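Asker: pasted the sequence and its predicted model underneath.
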Amino acid sequence: MIMNRTISEVRNCINIASRHLLKEPTRKKIVEAYYANKANKLNRTAPTAPHSVDDIIDWKSTLGFRFSCSRGVYRGNCFYGAAYWMQRYANSSASIKACVEHGLYFGNYVNQAELDNSGMPCLITFGPSRIKHITEVSNVPAISVGPYIAYAEDYLSGEDTKQLKEKLGKVLLVFPSHSIDRVKVSFETNDLIDEINRVSCKNKIQQVLVCLYYRDILNGNYAQYEEAGFTVVTAGYREDCLFLSRLRSLISISDLTMSNSVGTHVGYCVYMGKPHYVYDQAKLFSADSASDEAEFINPYADTASSEKQIVASAFMGEETSDNAISEICDYFWGFKDVLSRSEMSELLQICEKAYQFKAEDRQAAFRALLNSTHLVG
């Protein structure tokens with residue numbers, strides 16, 4: 001614990017110093033290259049994944065295989081393969097010249113490294129909720145593109161998906177609340193397991209898949225679920241460009257989905273036509289250092305909690321109407337904002353053109369270029 005705290009504090013000092021010494025675009029490139037190199041070292045001796053019905057439901061295989069590390073001008077774009085799949089969807093080989101919010105933030109949190117002084121032409125996000133929060137504090141051009149999973153391709157082929165579905169039968173897919181880099185989450189796991197069993201029994205589930213974040217697997221949090229008779233799966237490492245692809249296939253083979261907290265996964269499940277249930281449990285967070293506590297103790301915590309409660313209330317029972325759920329998903333996840341292939345291509349081309357300007361002029365250039373198209377900012 002002392003070692004973790006020391007490493008965390010040193011990392012925080014390096015971040016602060018680098019922001020003072022380097023221009024943000026340069027800093028972004030250095031950070032992205034550093035972490036890409038770390039991923040390459042992890043990949044060096046790993047075998048290639050077969051993309052089979054066996055490896056997607058075996059977390060040891062998923063984390064043991066070589067993965068394609070997403071690359072870009074900004075490290076945040078490399079998380080979960082979001083930018084990778086947007087590029088493929090738009091048939092673009094160039095990295096996205098914008099900041100892509102890597103997950104759905106709740107409340108009025110904004111990442112200053114992604115706003116006015118980011119050195120990027122614009123910020124790409126989910127839906128109207130995020131646009132509202134961003135424009136309240138910044139003039140950065142912000143574009144909503146809806147749930148990112150809409151742009152990913154399935155990890156499994158259609159035939160393999162059918163084969164796996166026949167093998168598993170009726171599936172409940174569970175997303176426990178997850179830890180992040182230097183912040184661990186804890187909750188009453190046995191209580192969650194009891195609820196999973198209740199839901200399984202009620203819905204005559206034949207197979208329970210518990211989808212864990214890779215950090216929680218590395219922390220050993222898979223054991224209790226396996227001892228309970230569940231199959232633990234994962235979408236892979238955060239930097240794996242196939243993360244969203246695996247997640248899409250896992251959701252595809254499910255009949256019912258559930259979680260014990262509100263997160264990006266809720267909208268993803270609904271977007272793919274899967275019913276979702278939130279069993280809202282109390283959670284405790286512990287950080288490696290005081291600086292890392294800002295992840296859960298910050299000025300945005302109350303607004304985030306309030307918005308998450310709005311979402312959770314719609315998914316905690318069976319009485320919420322489809323219209324209410326649709327409105328919530330449109331507002332937070334931007335279901336109505338999903339772009340066509342041609343629209344995504346046009347957006348990325350505008351970002352690319354604006355990026356050719358000096359860093360301080362890119363956002364103004366983006367606005368001018370955007371105004372000459374039918375795309376709405």
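Answerer: Alright, I've got the coordinates. Numbering: from 1, shown residues only.
Asker: send the alpha carbons of stretch 311-329 over as CSV?
Answerer: Extracted in CSV, the C-alpha atoms of stretch 311-329 (Å, rounded to 0.1, in the frame of the first residue of the first chain):
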residue,chain,number,x,y,z
VAL,A,311,-31.0,6.5,-14.7
ALA,A,312,-31.0,3.8,-12.0
SER,A,313,-34.6,4.6,-11.0
ALA,A,314,-35.7,3.8,-14.6
PHE,A,315,-34.0,0.4,-14.5
MET,A,316,-34.6,-0.8,-10.9
GLY,A,317,-38.0,-2.4,-11.5
GLU,A,318,-40.4,-3.5,-14.1
GLU,A,319,-42.8,-0.5,-14.0
THR,A,320,-40.8,2.1,-16.0
SER,A,321,-42.4,2.6,-19.5
ASP,A,322,-40.4,2.0,-22.7
ASN,A,323,-41.0,5.7,-23.6
ALA,A,324,-39.3,6.9,-20.3
ILE,A,325,-36.3,4.6,-20.9
SER,A,326,-36.1,5.8,-24.5
GLU,A,327,-36.1,9.4,-23.4
ILE,A,328,-33.3,8.7,-20.8
CYS,A,329,-31.2,6.9,-23.3
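Asker: who touches that stretch?
Answerer: 106, 261-262, 266-267, 270-271, 276-280, 310, 332, 335 (CB atoms under 8 Å, 6 or more residues apart in numbering). C-beta here means a position set from N, CA and C on the backbone, and glycine is covered the same way.
Asker: quick one: distance of it to the chain centre.
Answerer: In terms of CA atoms, centre = their mean, to the nearest Å, the centre of stretch 311-329 is set 21 Å apart from its chain centre.
Asker: kindly report the same for stretch 310-325.
Answerer: With CA atoms, centre = their mean, you get 22 Å for stretch 310-325.
Asker: residues of it that come out buried?
Answerer: Neighbour-count burial for stretch 310-325, counted by 16 or more other CB atoms under 10 Å, picks out V311, A312, A314, F315, I325.
Asker: hang on, the earlier thing: show the buried residues in the contacts of stretch 311-329.
Answerer: With burial judged by 16+ other CB under 10 Å, the buried subset of the contacts of stretch 311-329 is 106, 261-262, 266-267, 270-271, 276-279, 332, 335.
Asker: got CSV for the residues you listed, with pLDDT too?
Answerer: Below are those laid out as CSV (pLDDT from 0 to 100):
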residue, pLDDT
F106, 93
S261, 93
V262, 94
V266, 96
G267, 96
V270, 96
Y271, 96
H276, 95
Y277, 95
V278, 95
Y279, 94
F332, 97
F335, 97
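Asker: need the residues you listed in TSV with secondary structure, can you?
Answerer: Compiled in TSV, the buried ones among the contacts of stretch 311-329 are given as follows (DSSP: H, G, I helix; E, B strand; the rest coil):
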residue	secondary structure
F106	coil
S261	coil
V262	coil
V266	helix
G267	helix
V270	helix
Y271	helix
H276	strand
Y277	strand
V278	strand
Y279	coil
F332	helix
F335	helix
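Asker: wait, which of these is closest to S342?
Answerer: F335 (19.4 Å; CB to CB).
Asker: and what about the residue most central in space within the chain, helix, strand or coil?
Answerer: The residue lying closest to the centre of the chain (CA atoms, centre = their mean) is G103, at 4.0 Å. Taken by three-state DSSP, the conformation at G103 corresponds to coil.
Asker: quick one: the nearest residue to it once chain neighbours are set aside from C122, how far?
Answerer: Leaving aside its chain neighbours, G103 sits nearest to T264 (4.8 Å; criterion: CB to CB, 6 or more residues apart in numbering). According to CB to CB, to the nearest Å, T264 and C122 sit 21 Å apart.
Asker: now A359
Answerer: 13 Å.
Asker: quick one: buried residues of stretch 70-82?
Answerer: 70-82.
Asker: farthest-apart pair in the residues you listed, please.
Answerer: Largest separation among the buried residues of stretch 70-82 by CB to CB: V73 and Y80, giving 16.8 Å.
Asker: re earlier: tell me the two of the buried residues of stretch 310-325 that are most distant?
Answerer: Taking CB to CB, no two of the buried residues of stretch 310-325 sit farther apart than A312 and I325, at 12.0 Å.
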